[in-house]
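K.L.:
sharing a sequence plus its predicted fold:
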Amino acid sequence: MTMIQPADPLAHALAQRDALLAAVTRVLDGGRYILGTEVDAFEGEFAAYIGVPHGVGVASGTDALVLALRTLDVGPGDAVVTVAHTAVATVAAIELTGATPIVVDIDPLRYTLDPQRLADQLVHHKGLPIKAIIPVHLYGQPADMAAIVDVATRHGIPVIEDCAQAHGALIGDQRVGSFGTFGAYSFYPTKNLGALGDAGGLVCSDPVLAERARTLRQYGWRERYISDLPGLNTRLDEVQAAILRVKLPRLDADNVRRQAIAAQYDHALSKTSLVPPPQVAGTTAVYHQYTVLSQNREALANQLRAQGIGSAMLYPMPIHQQPAYASRWGANVRLPVTEHVARSLLCLPIHPHLTDADVQKICEVLATID
């Protein structure tokens, strides 16, 4: 029995094989492999897609967050507020700058940073100065940016949007990544917009910050071999930029396909005990993952597997409880919504290359869940 997989980057690559090979050949024949015309072009095209003037290509989504923080002079002796229900990269990036992460609970509707918990944290905070806030648009669902930016503005703290799972998601008619000081993206192969290897990027509206980020990403050079700033090496290479340029024009259509599959799953789940992904008025989710909450997640995953349907648990242990990080906050940290969601959430297959037959099979199985 062939298993229906939660994601299929190979199918996505094969669907555009000829165009991708042509793009790679163009780079090969061009002879410029680092920070050349392909990177320049992709930075402009992606920034325009998000709706901001500046893009900065980097080596990974983690590096995008690190570079945003470094550009804002966040480092040792500073604190950054984020969530524990996210990929570990969000917290790892904060620690890579030498700053201290502070985690707050998530909104039970969106599974993203709770603006009220954020406000409470900022009002009652004692200790290191909070120099940035990183909301995560998790699973393709936009965070409540109006409320988060309002809280952040009142306290004079910049916002870095972690958009690693939300390429193209909208609040009203404005794309996520354009609300904060920076939007940080991963182009890991399984993302809605994925390269064929690691890649990442920043977008922003401020030309001064954009130029500083470009300088920092390559050793702090403005003039080659002369470091004006203590920078790092995090460059988007020409091959991945060319690949992303091929894939970007299809992003909206791929997201529409994800949304259509999600609507079919929603209907199949309507008479079951499973809780489907949130529906938030005024937002357009892009379903990087299709999540369900189950009182018995393991049994559900086993039931699906028996029918040839794969699933994934993202993320089964919140960061504040993981062995590498638990000592950062101690046993007194309690994030009840985060912990409930982490125990209960399962991700179903969703990607643009699921066949209609695959979707129908999954819907038929879902409809039988108690």
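P.N.:
Here it is on my side, so go on. Numbers count the residues shown, from 1 in each chain.
K.L.:
where along the chain do the strands fall?
P.N.:
For the chain, applying DSSP state E gives strands covering 54-58, 79-83, 100-104, 130-133, 160-162, 170-171, 174-175, 182-186, 200-204, 221-223, 226-227, 283-284, 290-293, 345-348.
K.L.:
want to throw the ones you listed into CSV with mean neighbour count?
P.N.:
C-beta here means a position set from N, CA and C on the backbone, and glycine is covered the same way. Putting those into CSV (neighbours: other C-beta atoms under 10 Å) gives the following:
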stretch, mean neighbour count
strand 54-58, 27
strand 79-83, 25
strand 100-104, 21
strand 130-133, 23
strand 160-162, 30
strand 170-171, 18
strand 174-175, 18
strand 182-186, 30
strand 200-204, 29
strand 221-223, 12
strand 226-227, 12
strand 283-284, 18
strand 290-293, 22
strand 345-348, 24
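K.L.:
please identify which of those strands is closest to residue 150.
P.N.:
strand 130-133 (11.6 Å; C-beta to C-beta).
K.L.:
packing partners of the closest one?
P.N.:
The helices and strands touching strand 130-133, judged by 3 or more C-beta pairs under 8 Å, 6 or more residues apart in numbering; DSSP states H and E, are strand 79-83, helix 145-155.
K.L.:
for residue 19, give its distance to residue 28.
P.N.:
Residue 19 is 15 Å from residue 28, where distance means C-beta to C-beta, to the nearest Å.
K.L.:
comparing the two, which residue is more hemmed in?
P.N.:
Neighbours were counted for residue 19 and for residue 28 using other C-beta atoms under 10 Å; residue 19 has more, 16 against 12.
K.L.:
so what's that one up against?
P.N.:
residue 246 (C-beta atoms under 8 Å, 6 or more residues apart in numbering).
K.L.:
and it, how close does it get to residue 25?
P.N.:
Taken as C-beta to C-beta, the span from residue 19 to residue 25 is 11 Å.
K.L.:
got the buried residues for the longest helix along the chain?
P.N.:
Ordering each helix of the chain by length in residues (DSSP state H) puts helix 251-269 first. Burial within helix 251-269, assessed by neighbour count using 16 or more other C-beta atoms under 10 Å, is assigned to 251, 254-255, 257-258, 261-262, 265, 268-269.
K.L.:
residue 37 is nearest to which of the strands of the chain?
P.N.:
It's strand 54-58; of the strands of the chain, that one is closest to residue 37 (C-beta to C-beta) at 12.2 Å.
K.L.:
so what strands line up beside the closest one?
P.N.:
Sheet pairing of strand 54-58 (DSSP bridges) gives strand 200-204 (antiparallel).
K.L.:
relative to strand 182-186, how tilted is the partner strand?
P.N.:
Per axes from the mean of the first three to the mean of the last three C-alpha atoms, to 10 degrees, the angle that strand 200-204 makes with strand 182-186 is 160 degrees.
K.L.:
how many other residues sit next to residue 154?
P.N.:
11.
K.L.:
how close does it sit to residue 147?
P.N.:
To residue 147, residue 154 is 11 Å away according to C-beta to C-beta.
K.L.:
could you do residue 204 as well?
P.N.:
The spacing between residue 204 and residue 147, counted by C-beta to C-beta, is 21 Å.
K.L.:
just residue 94 next, same as before
P.N.:
In terms of C-beta to C-beta, residue 94 sits 22 Å off from residue 147.
K.L.:
neighbour count for those two, which is higher?
P.N.:
More crowded of residue 94 and residue 147, by other C-beta under 10 Å: residue 94, with 25 against 17.
K.L.:
contacting residues for residue 143?
P.N.:
Per C-beta under 8 Å, 6+ apart, neighbours of residue 143: 107, 110, 112-113, 135-137, 161, 176.
K.L.:
by mean pLDDT, point me to the weakest helix or strand of this structure.
P.N.:
Every helix and strand of the chain was ranked by mean pLDDT, DSSP states H and E. The lowest is helix 326-329, at a mean of 84.
K.L.:
which residues touch the residue nearest to residue 322 when sequence neighbours are not counted?
P.N.:
Counting by C-beta to C-beta, 6 or more residues apart in numbering, residue 88 is the residue found nearest to residue 322 once chain neighbours are left out, at 7.1 Å. By C-beta under 8 Å, 6+ apart, residue 88 lies in contact with 315, 319, 322, 325.
K.L.:
so where's the stretch 51-200 of the chain shaky on pLDDT?
P.N.:
Scanning the stretch 51-200 of the chain for pLDDT under 70 picks out nothing.
K.L.:
which one of the helices and strands packed on strand 130-133 lies closest to residue 193?
P.N.:
The stretch from the helices and strands packed on strand 130-133 with the least distance to residue 193 (C-beta to C-beta) is helix 145-155; that distance is 19.8 Å.
K.L.:
what's the pLDDT at residue 316?
P.N.:
Looking at residue 316, its pLDDT is 94.
K.L.:
how many neighbours does the nearest residue to it once chain neighbours are set aside have?
P.N.:
The shortest distance from residue 316 to any non-neighbouring residue, by C-beta to C-beta, 6+ apart, is to residue 342 (6.1 Å). Neighbourhood size, residue 342 [other C-beta under 10 Å]: 22.
K.L.:
can I assume residue 342 is in contact with residue 315?
P.N.:
Yes: with contact defined as C-beta atoms under 8 Å, residue 342 reaches residue 315; the gap is 6.3 Å.
K.L.:
in a markdown table, list the strands of the chain along with distance to residue 302.
P.N.:
Shown next, in a markdown table, are the strands of the chain (distance: least, C-beta to C-beta, whole Å):
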| stretch | distance to residue 302 |
| --- | --- |
| strand 54-58 | 40 |
| strand 79-83 | 29 |
| strand 100-104 | 31 |
| strand 130-133 | 39 |
| strand 160-162 | 32 |
| strand 170-171 | 36 |
| strand 174-175 | 38 |
| strand 182-186 | 30 |
| strand 200-204 | 35 |
| strand 221-223 | 54 |
| strand 226-227 | 55 |
| strand 283-284 | 33 |
| strand 290-293 | 14 |
| strand 345-348 | 11 |
